[in-house]
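Engineer: any chance you could fold what I've pasted below:
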Amino acid sequence: VKGDEIDNKPYIDDLCDKYLSTIMEIANDLGIHLSKICIKGINLSVLTKSRNKAITYTTRIITENIKEPTEVARYKDILNKVYPSNLERYSNHIYFNSVVKKLAEGKFSYFDINDLLEDPSVKGEVNPMYIPAKSDHHILDSLFLRKVHLDRILYQLLGL
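Structural biologist: From the prediction side, this is the model:
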């Protein structure tokens, strides 16, 4: 929307490097051993079933401080033209997680839940059972998914 040209992979590489460096600094400052830290990868986007839902949600975030309706409409129009495809966003999420996982190796534990979230019949999309009906970019908050998170954290940190 700003018109910036961004090369996704170098941007993600730099973002992940800063992310893990910051975690290491905080752990060092607090005296937390890195083996006690478990990093969770990002979830696949629930905004892939509907491009319109994704654009509407993203427009709302981008224009939250803009009051003029014509400006909001202008940004939404720009976003409609430049918003990446579902497959491109999926690829970015998977790449981000692979970089974080690689950088975490030997320092932190790592897990994600995308193997569970992904719709087995549509590559790159979240299974509808984990997508909220309301306009939200988070996976469904359910007891089942909370348990999955806890189980995977315990497995990574304690081998349980």
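
Engineer: list the buried ones in the host helix or strand of residue 102?
Structural biologist: Under the criterion of DSSP states H and E, residue 102 resides in helix 86-104. The neighbour-count check on helix 86-104 (16 or more other Cβ atoms under 10 Å) flags 86, 89-90, 92-94, 96-97, 99-101, 103-104 as buried. To be clear about C-beta, it is placed using only N, CA and C from the backbone, and glycine gets the same treatment.

Engineer: for the residues you listed, which one is nearest residue 142?
Structural biologist: residue 93 (20.8 Å; Cβ to Cβ).

Engineer: so where do the helices sit in this protein?
Structural biologist: Taking DSSP state H, the helices of the chain run over residues 8-30, 51-62, 69-82, 86-104, 114-117, 143-158.

Engineer: before we move on, the earlier item: which other helices and strands contact the helix holding residue 102?
Structural biologist: helix 8-30, strand 109-111, helix 114-117 (3 or more Cβ pairs under 8 Å, 6 or more residues apart in numbering; DSSP states H and E).

Engineer: closest one to residue 154 among those?
Structural biologist: strand 109-111 (10.1 Å).

Engineer: so what touches that closest one?
Structural biologist: By Cβ atoms under 8 Å, 6 or more residues apart in numbering, the residues outside strand 109-111 that reach it are 35, 37-41, 100-101, 104, 152-153, 155-157.

Engineer: can you rerun that using 7 Å?
Structural biologist: 38-41, 100-101, 104, 152-153, 156-157 (Cβ atoms under 7 Å, 6 or more residues apart in numbering).

Engineer: tell me the strands beside it, with direction?
Structural biologist: The pairing partners recorded for strand 109-111 under DSSP bridges are strand 38-40 (parallel).

Engineer: tell me how far the strand it pairs with lies from the chain's centre.
Structural biologist: Centroid separation for strand 38-40 versus its chain: 13 Å, with Cα atoms, centre = their mean, to the nearest Å.

Engineer: which residues sit against that strand?
Structural biologist: Under Cβ under 7 Å, 6+ apart, the answer for strand 38-40 is 100, 104, 108-112, 153, 156-157.

Engineer: just to revisit the earlier point, residues making contact with the helix holding residue 102?
Structural biologist: 8-9, 12-13, 16-17, 20, 39, 41-42, 44-45, 48, 110, 112, 124-125.

Engineer: swap in stretch 117-128?
Structural biologist: Residues outside stretch 117-128 that contact it (Cβ under 7 Å, 6+ apart): 43-44, 46, 48-49, 86-87, 90, 130, 139.
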